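Undergrad: next comes the sequence, and after it the predicted model I'd like to discuss.
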Amino acid sequence: MESHDTAAPQPESHSRTVRHRRLLVGGAVVLALIVVVFWTTGRGRQLVQRVQYARTAATFSGDSQKLKQTVIVPTLDSPCPPGKNVIWCSSFQLAWNELRDNVIGAPLQVIGAEEIATRLNAAKQSALDLEPRAFYATGGWIRDGVVEKIRKDMAAKFPSHVLPEFGGFDGGILAYSYLAARVPFKYPFRQVDKGVTFTDSQGIQTRVAGFGLWRAYLRRYKNIREQVEVLYVEFRDRSFEVRECVIDLCRHSQPYQVVVAMVEPENSLAEMLEHVRMRIADFEKKPERAGDRRYGANDELRVPEMFWRIDRRFKELTGKTVANAGPPMPIVEALQTIEFRLDRYGAVVESDSKLTVLAAPRHFEFNRPFLVYVQKRGAEQPFFVMWVDNAELLVRR
């Protein structure tokens, strides 16, 4: 009877199997290390943040004129209308600075918009407030190729950004700026499943999406709790009801930070910022309040989410003449686009602005007696000529 016993594995085959397994284990370890490094450097959180953003629909996307309760102001010291959201972003100031400092070489004198021009000329905000890798700004004469320069530079520095239309103008001045800042939180906050009840200045309550931290005493929230820093807090009548507070949502974020401040409104955003800075400075000087800077195990934090994109045309500038632009020239475009997102993963600010100043338009309007003739190109004599002295043969409206 024939034997059907299986032959024992060959030593060489066994050795190959062992080596294969070791390679798989080694590859898995290397992949795990890459994932750890990718996450700890912040790139992993940014990727998660981008995926999350892609799934979220904007609350608003469009022209600012469609908004009834929101305004975008050109400078921080512009008056804040009561009962309105008030937004400012430095991209428009960066474009203005390019015209002022690098093209005209002097404060812009804008006839008919003296107040806003004075504010923009005197503003302290500049490119120094941003990391060089986070923005682009330039300006120049169109005849000297500034449009081509912008397209080339932006393609190299921000290749994924879609540039606005610059128009087919042959003459005049163009200034453009773009900024993009991403501030991922080191540890994502908790999502408020049932939302946050937001009460506006008129007492109207609205249920909105939100994020934050509560039950912070649980061990699994330790890292989130430790990333929150209380920069200032004041209570009502010695109670534990918060009257004012300023919170740094992630003290680890570099080079930017996201701060939320619950304070009373002032006449301008500049005044509100000054109030906040003074309170923070005073708070730091009181060693007895050092414990209050830590986010406590029983503290609760809830912040509304935001995601919007707004186009703002500064019509208070368009059509006004820049008197010191060589020959006086009108501003034909003053446009700013701002996109802002804030959720449990962090914040993103993206904005671009353009300022176009063109030569004064020539109005070729035949609204008085004129001559019209028709002739063969190159011929010396026409075959039809008419002097239009009155409207008898003109088409009536």
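TA: Received it, and whenever you're ready, just let me know what you need.

Undergrad: format the CA atom coordinates belonging to stretch 243-263 as PDB.
TA: Listed next in PDB are the C-alpha coordinates belonging to stretch 243-263 (Å, rounded to 0.1, in the frame of the first residue of the first chain):
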ATOM      1  CA  ARG A 243     -19.800  88.300  33.900                       C
ATOM      2  CA  GLU A 244     -16.800  88.500  31.600                       C
ATOM      3  CA  CYS A 245     -14.200  86.000  30.400                       C
ATOM      4  CA  VAL A 246     -11.400  85.600  27.800                       C
ATOM      5  CA  ILE A 247     -10.400  82.100  26.800                       C
ATOM      6  CA  ASP A 248      -7.500  80.800  24.700                       C
ATOM      7  CA  LEU A 249      -9.000  77.700  23.200                       C
ATOM      8  CA  CYS A 250      -5.600  76.000  22.700                       C
ATOM      9  CA  ARG A 251      -2.500  77.300  24.400                       C
ATOM     10  CA  HIS A 252      -0.400  74.800  22.300                       C
ATOM     11  CA  SER A 253      -1.300  76.300  18.900                       C
ATOM     12  CA  GLN A 254       1.600  78.000  17.200                       C
ATOM     13  CA  PRO A 255       2.200  80.600  15.700                       C
ATOM     14  CA  TYR A 256      -1.500  81.700  16.000                       C
ATOM     15  CA  GLN A 257      -4.000  81.400  18.800                       C
ATOM     16  CA  VAL A 258      -7.800  81.500  18.800                       C
ATOM     17  CA  VAL A 259      -9.300  83.600  21.600                       C
ATOM     18  CA  VAL A 260     -13.000  84.000  22.500                       C
ATOM     19  CA  ALA A 261     -14.000  86.800  24.800                       C
ATOM     20  CA  MET A 262     -17.400  87.400  26.400                       C
ATOM     21  CA  VAL A 263     -17.500  91.100  27.100                       C
END
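
Undergrad: list the buried residues for it?
TA: By neighbour count on 16 or more other C-beta atoms under 10 Å, the buried set for stretch 243-263 is 244-250, 253, 258, 261, 263. C-beta coordinates here come from the backbone N, C-alpha and C atoms, glycine included.

Undergrad: check the offset of it from the chain's centre.
TA: Mean-position distance between stretch 243-263 and its chain equals 18 Å (C-alpha atoms, centre = their mean, to the nearest Å).

Undergrad: circling back: among the buried residues of stretch 243-263, which ones are in strands?
TA: 244-248, 261 (DSSP state E).

Undergrad: tell me the one among these nearest to residue 142.
TA: residue 261 (42.3 Å; C-beta to C-beta).

Undergrad: the closest one touches residue 249, doesn't it?
TA: No: in this structure residue 261 lies outside contact range of residue 249 using C-beta atoms under 8 Å: 11.2 Å.

Undergrad: show me the shaky parts of this structure.
TA: 1-20, 22-55, 239, 360-362 (pLDDT under 70).

Undergrad: now do the helices in it.
TA: 11-40, 43-54, 91-97, 114-122, 146-157, 222-227, 269-284 (DSSP state H).

Undergrad: which strands and helices lie in contact with the fifth one?
TA: To tie it back to what came earlier, the one meant is helix 146-157. For helix 146-157, the elements it packs on are strand 135-141, strand 173-184, judged by 3 or more C-beta pairs under 8 Å, 6 or more residues apart in numbering; DSSP states H and E.

Undergrad: would you mark the buried spots in it?
TA: Within helix 146-157, the residues scored as buried using 16+ other C-beta under 10 Å are 146-147, 150, 154.

Undergrad: any idea how far it is from the middle of the chain?
TA: Mean C-alpha position of helix 146-157 versus that of the full chain (C-alpha atoms, centre = their mean) differs by 20 Å.
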